[in-house]
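Engineer: Need a 3D model of the following:
(one chain, ligands or ions: 1)
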Amino acid sequence: MVCQGNPVSEGIAIGKVMRYEPFVPVVDNTAIAGEKIPAALSRYEEARSGAKQELEELRLRLEQEDPQKAKIIKAHMDILFDVAMEEEIRDGIAGGKSAEAAADQIFRKYARIIGRSADERIRERASDLEDVRCRLLRNCMGIPERNLAFLAEPAVVVAKDLFPSDTASMDRRKVLAIVTEVGGPTSHTAILARSYGIPALLGVKDALSLLQSGQSVIVDAVDGKLIVNPAGEEEKAYRRKAAEFRRQAEETKKYLDGDSFTKDGVKIEVELNIGSANAQEIDAIRHTNGVGLFRSEFLYLGRETLPTEEEQYKIYRRVLMQAGDAPVILRTLDIGGDKKLECLQLPKEENPFLGNRALRLCLERRDIFKTQLRAALRAGTVGNLWLMFPMVGSMDDIRKAKGVVREVQRDLDCEKIEYNREIKIGIMIEIPAIALIADLAAKEVDFASIGTNDLCQYTTAADRLNQNVAQYYQSYHPALFRLIRDTVRQFDRAGKPISVCGELGGDGLAMPVLLGFGMRRVSMGLSAVARAKRIISRLDLAQARDMADRVCQMETAGEVEAYLRDALKDIV
Ligand SMILES: C=C(OP(=O)(O)O)C(=O)O
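Structural biologist: Numbering: from 1, shown residues only. The predicted structure follows:
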């Protein structure tokens, strides 16, 4: 039997299944009264102390092994002792709910709020709340902990989903691979699997019902396949494939540093996408030619008040200083619609992706926009700042946004505050309307970057978050490639830099097509950098141009993908 899955951490593993079914709380919602209320309050407190002790032990162990992962556990401790949640849980108990029911309700409420974010990485953080909820409820119910910290023998862990604490605490020398029924490329499981170098195949439908502990499997987290009970010959072939994969992975690592050139010697700028601007991300800038996308909305998410000008200034400054002379493309606040900010009450909209978001919202809320622009312009004095506006759909949008920048410059001049007067101003190309008038837009801005994630969603009319239309969200759609081709052409004609900062920018299969269109800058997350540089080094531009032409003549996304896979089988 062969099942399909999403290969979020590449690798191949051959071994035996270990089903992992963590504790699933079943909560009794019967109302309580009288003396049961103070007893429930004490039970909540005891459960919290029990959960705290477990987390503390885990954190201490991880601090020795992996301080980065210890931070996740520290974040769980913060959730456990979150004052607002605690207050609501206590109110719930005082109002007649059991400790379990009150905690369950409040944790679910907050997980729902985060889970509605349009940003996948924020949504994934709901799993931290879910993790802490289960730990707290398990302690309330007096049930001992189950985890992956001690495995008797090496195994392929199969689960519905893994909590962050499962992945952080797991005995990684014994986990051959991870297979889960849910989870995307930016889930905790994916991030940790990648950082541990454990092959992971997520989104394998019904994996738990199909697999039994002890069964032999091959996890092909390169081509996205799970082979159950493989035949002897198949296993032999996969052992060879695994050895080849390890050899290539070692080879790829060598490409991480240094500039990137095509086989025929043309330099391609490989830049980094960053979000939280944490120490790891800032450090990673040195492997690239600068920051191709700084998703500044991360500074605004998950907090009760808007970040002040000073807070933003310090963070932007730190990133700019690390980048030195290399450009830092700071995207202004890309929020709104269903990407909710707790610190900003936004009205609910019927079609949030087509609603009042990003630049549209900033033009309405000038106070927020100007605070960010002031911080950015001031921080710009220490580096090479490129300011980029998201969700631009018309020339009016560009002109209005530039007008606000000018107002902020005038204010800073009046206040005699130093700022960078040389910054470049650019736009995201993510709405077809602006891609189709790229010739005009190119005259009005200094640069552009193509946000292929949104451009794909708006071109194919398929909500990027809606699983029911996932089959219509086709990032290899010939229409998307034609739009990119024409946009690159117009910016090239105008002599203005253009890049790709959506997922397609770090997609090995799409790389020759982008280079063939004339793209010379690509931006991506750190995990894609070394591989992208390796692929670039194996591509010749004449060949890339030919491939790009062919792709634009194709009829379907399926045809494009099959062609690219075949043409690049020895390269990607
Ligand atoms: C880079 C993009 O923006 P987001 O942060 O919305 O993925 C994009 O849309 O391609």
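
Engineer: Tell me the gap between stretch 161-172 and the middle of its chain.
Structural biologist: 19 Å (C-alpha atoms, centre = their mean, to the nearest Å).

Engineer: Can you show me the CA trace of it as PDB?
Structural biologist: The C-alpha coordinates for stretch 161-172 follow below in PDB (Å, rounded to 0.1, in the frame of the first residue of the first chain):
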ATOM      1  CA  ASP A 161      -0.600  15.400  15.100                       C
ATOM      2  CA  LEU A 162       2.300  16.100  17.400                       C
ATOM      3  CA  PHE A 163       2.300  18.800  20.000                       C
ATOM      4  CA  PRO A 164       5.300  21.200  20.200                       C
ATOM      5  CA  SER A 165       6.200  19.600  23.600                       C
ATOM      6  CA  ASP A 166       6.200  16.100  21.900                       C
ATOM      7  CA  THR A 167       8.600  17.200  19.300                       C
ATOM      8  CA  ALA A 168      10.800  19.100  21.700                       C
ATOM      9  CA  SER A 169      11.000  16.300  24.200                       C
ATOM     10  CA  MET A 170      11.300  13.400  21.800                       C
ATOM     11  CA  ASP A 171      14.300  11.100  21.800                       C
ATOM     12  CA  ARG A 172      15.500  12.200  18.500                       C
END
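
Engineer: Could I get the buried residue list for that stretch?
Structural biologist: Residues Asp161, Leu162, Phe163, Pro164, Ser165, Asp166, Thr167, Ala168, Ser169, Met170, Arg172 are the ones in stretch 161-172 that count as buried (16 or more other C-beta atoms under 10 Å). In short, each C-beta sits where N, CA and C put it, glycine included.

Engineer: quick one: which of these is nearest Leu412?
Structural biologist: Pro164 (42.0 Å; C-beta to C-beta).

Engineer: nearest spatial neighbour of the closest residue to the ligand within the stretch 151-300 of the chain, skipping sequence neighbours?
Structural biologist: Residue nearest to the ligand within the stretch 151-300 of the chain: Arg295 (5.2 Å; C-beta to the nearest ligand atom). Computed as C-beta to C-beta, 6 or more residues apart in numbering, the closest residue to Arg295 that is not its neighbour in sequence is Gly275, at 4.4 Å.

Engineer: isn't the one you found right up against Tyr300?
Structural biologist: No. Judged on C-beta atoms under 8 Å, Gly275 makes no contact with Tyr300 at a distance of 11.4 Å.

Engineer: Check which helices and strands the helix or strand harbouring Ala193 is in contact with.
Structural biologist: With elements taken from DSSP states H and E, the one containing Ala193 is helix 188-196. The contact analysis (3 or more C-beta pairs under 8 Å, 6 or more residues apart in numbering; DSSP states H and E) places helix 188-196 against strand 6-9, helix 67-80, helix 164-169, strand 175-180, strand 200-202.

Engineer: how about 7 Å then?
Structural biologist: strand 6-9, helix 164-169, strand 175-180, strand 200-202 (3 or more C-beta pairs under 7 Å, 6 or more residues apart in numbering; DSSP states H and E).

Engineer: Domain boundaries for the protein, per the record?
Structural biologist: The record assigns the chain these domain ranges, following automatic domain parsing: 2-20+147-239, 36-141, 260-567.

Engineer: Looking at those, which is nearest to Asp28?
Structural biologist: Using C-beta to C-beta, the nearest of those to Asp28 is domain 36-141, at 6.6 Å.

Engineer: so who does Lys74 touch?
Structural biologist: Arg59 (C-beta atoms under 7 Å, 6 or more residues apart in numbering).

Engineer: Wasn't Glu422 part of a strand?
Structural biologist: No. If the criterion is DSSP: H, G, I helix; E, B strand; the rest coil, then Glu422 is coil and not within a strand.

Engineer: Extract the CA atoms of the helix or strand containing Ser449 and return them as CSV.
Structural biologist: Per DSSP H and E, Ser449 falls inside strand 447-450. The C-alpha coordinates for strand 447-450 follow below in CSV (Å, rounded to 0.1, in the frame of the first residue of the first chain):
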residue,chain,number,x,y,z
PHE,A,447,11.6,48.1,-7.1
ALA,A,448,9.0,45.3,-6.8
SER,A,449,8.7,41.9,-5.3
ILE,A,450,6.3,39.3,-6.5
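
Engineer: gap between the closest residue to Gly502 other than its chain neighbours and Glu271?
Structural biologist: What sits nearest to Gly502 in space, not counting adjacent residues and going by C-beta to C-beta, 6+ apart, is Thr452, at 3.0 Å. Noted for Thr452: a distance of 15 Å to Glu271, by C-beta to C-beta, to the nearest Å.

Engineer: what residues are up against Asp397?
Structural biologist: Leu359.

Engineer: buried set for the lengthiest helix in the chain?
Structural biologist: Ranked by residue count under DSSP state H, the longest helix found in the chain is helix 36-65. Applying a neighbour-count criterion of 16+ other C-beta under 10 Å, the buried positions in helix 36-65 are 37, 40-41, 43-44, 47-48, 50-52, 54-55, 58-59, 61-62.

Engineer: what's the closest of those to the ligand?
Structural biologist: Comparing the buried residues of helix 36-65 against the ligand with C-beta to the nearest ligand atom places Leu62 closest, at 29.8 Å.

Engineer: Just give the number of residues close to the nearest residue to that closest one once chain neighbours are set aside.
Structural biologist: Spatial nearest neighbour of Leu62, excluding adjacent residues (C-beta to C-beta, 6+ apart): Ala70 at 4.0 Å. The number of residues packed near Ala70 is 18, by other C-beta atoms under 10 Å.

Engineer: Surely Ala70 is in contact with Leu60?
Structural biologist: No. Shown here, Ala70 and Leu60 do not form a contact pair, counting by C-beta atoms under 7 Å, at 8.2 Å.

Engineer: mind checking the end-to-end distance for stretch 75-87?
Structural biologist: In terms of C-alpha to C-alpha, to the nearest Å, the two terminal residues of stretch 75-87 are separated by 19 Å.

Engineer: Roughly how far does the residue nearest to Gly502 sit from the ligand?
Structural biologist: Distance, Thr452 to the ligand, by C-beta to the nearest ligand atom, to the nearest Å: 5 Å.

Engineer: Just the pLDDT at that residue, thanks.
Structural biologist: Looking at Thr452, its pLDDT is 94.

Engineer: residues near it, how many?
Structural biologist: Counted by other C-beta under 10 Å, the residues lying close to Thr452 total 25.

Engineer: Fine by me, thanks again.
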